[in-house]
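>>> Return atomic coordinates for the entry below.
(one chain, ligands or ions: 1)
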Amino acid sequence: MAERGSLAGKVALVTGGSRGIGAAVSARLAELGASVLVNYARSEGAAKGVVEGIRSRGGQAHLLGGDMTDPKQVEALFQEVDRSHGGRVDILVNNAGIYLQGPLAEFSLEDFDRTFAVNVRSLFLVTKAALSRIPDGGRIINLGSIVGERVPFPGITVYSASKFAVAGLTRGWARELAPRRITVNDVQPGPIDTDMNPADSSVNPAADMMRASIPLGRYGTADEVAALVAFLATPAAAFISGATINIDGGTIA
Ligand SMILES: NC(=O)c1ccc[n+]([C@@H]2O[C@H](COP(=O)([O-])OP(=O)(O)OC[C@H]3O[C@@H](n4cnc5c(N)ncnc54)[C@H](OP(=O)(O)O)[C@@H]3O)[C@@H](O)[C@H]2O)c1
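Below is the predicted model of the structure:
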């Protein structure tokens, strides 16, 4: 468990920090002392709630709107980082993602393009724009998925393929950025109880099937994923890079 103050003086950007895992990561990084830039695309009210929650606990947070699939909005976001935080991002958490499902025969080209735009293109755009602002020894943490390693049931192929791409980008960038001591890692959650994948079977018909596949017998929480992401951001994790780390209750063991 990372210690309070271990991220003091660091600036962290969390894409999709308005809800779910991104909101929990934002809160945890702030608890450890980082000044957190909370990005949102559509959920402005929820993102404001995340920022206010952090501030009410004595932490530092800043709201940054923008659709991370759009190069112009990515550029505008970093211009704001330049103004508000001197153009420095020590920790980048590429968390924004969407989960669209369906069999090949019914899966539309629009949904294919949207999946790859949010889950892959946004990583490319944001990481490329962040690069000159990440100091030596910085951190990049990508949110992949255990289905970026195996495809355990049908209907998730395109989402799964996008997360295989996240694993590939992580490994390549880890090698490329190692000379600057920037570590790049891929956190791969199993089923986590969020809007994307509710544990409540009355709203998510797949919940019981997923729960049955988890040896620990329950969904994970966003806070559990946040604790792992935050650890990877700390100095104690300086020798972990290019790794895909599963947090899935044993699901793909
Ligand atoms: N929950 C799971 O079971 C699970 C499992 C494995 C991996 N993951 C991965 O973990 C990450 C977070 O998932 P989650 O469960 O927390 O999902 P979630 O509850 O649906 O939240 C998704 C977040 O992504 C943001 N987002 C979506 N499109 C965006 C865009 N174009 N630009 C900026 N932000 C955007 C949303 O912001 P707005 O609402 O403001 O648009 C929201 O904050 C995703 O990459 C997901 O694939 C989740």
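>>> Residues of the protein that sit close to the ligand?
Counting by CB under 6 Å from any ligand atom, the chain comes close to the ligand at 15-16, 18-22, 39-43, 67-69, 95-99, 118, 122, 143, 145, 189, 191-192, 194-197. C-betas here are computed from N, CA, C, even on glycine.
>>> Now, those that are in strands?
Judged by DSSP state E, strands contain the following of those: 39-40, 143, 189.
>>> Is it possible to get CSV of the residues you listed that adds neighbour count and pLDDT?
Conversion of those to CSV gives the following (neighbours: other CB atoms under 10 Å; pLDDT from 0 to 100):
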residue, neighbour count, pLDDT
39, 28, 98
40, 27, 98
143, 27, 99
189, 26, 98
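>>> can you name the two of these that are farthest apart?
Spatial extent of those (CB to CB) is set by the pair 40 and 189 at 20.0 Å.
>>> tell me the contacts of the residue sitting nearest the centre point of the chain?
Central residue of the chain (CA atoms, centre = their mean): residue 95, 1.9 Å from the mean position. With contact set as CB atoms under 8 Å, 6 or more residues apart in numbering, residue 95 has these partners: 14-17, 21-22, 25, 143.
>>> Residue 225 versus the closest residue in space to it that isn't next to it in sequence, what's the distance?
Nearest non-adjacent residue to residue 95, counting by CB to CB, 6 or more residues apart in numbering: residue 22, 4.1 Å away. Between residue 22 and residue 225 the computed distance is 10 Å (CB to CB, to the nearest Å).
>>> Would you mind telling me which of these two has more residues around it?
Higher neighbour count among residue 22 and residue 225: residue 22, with 29 against 25, using other CB atoms under 10 Å.
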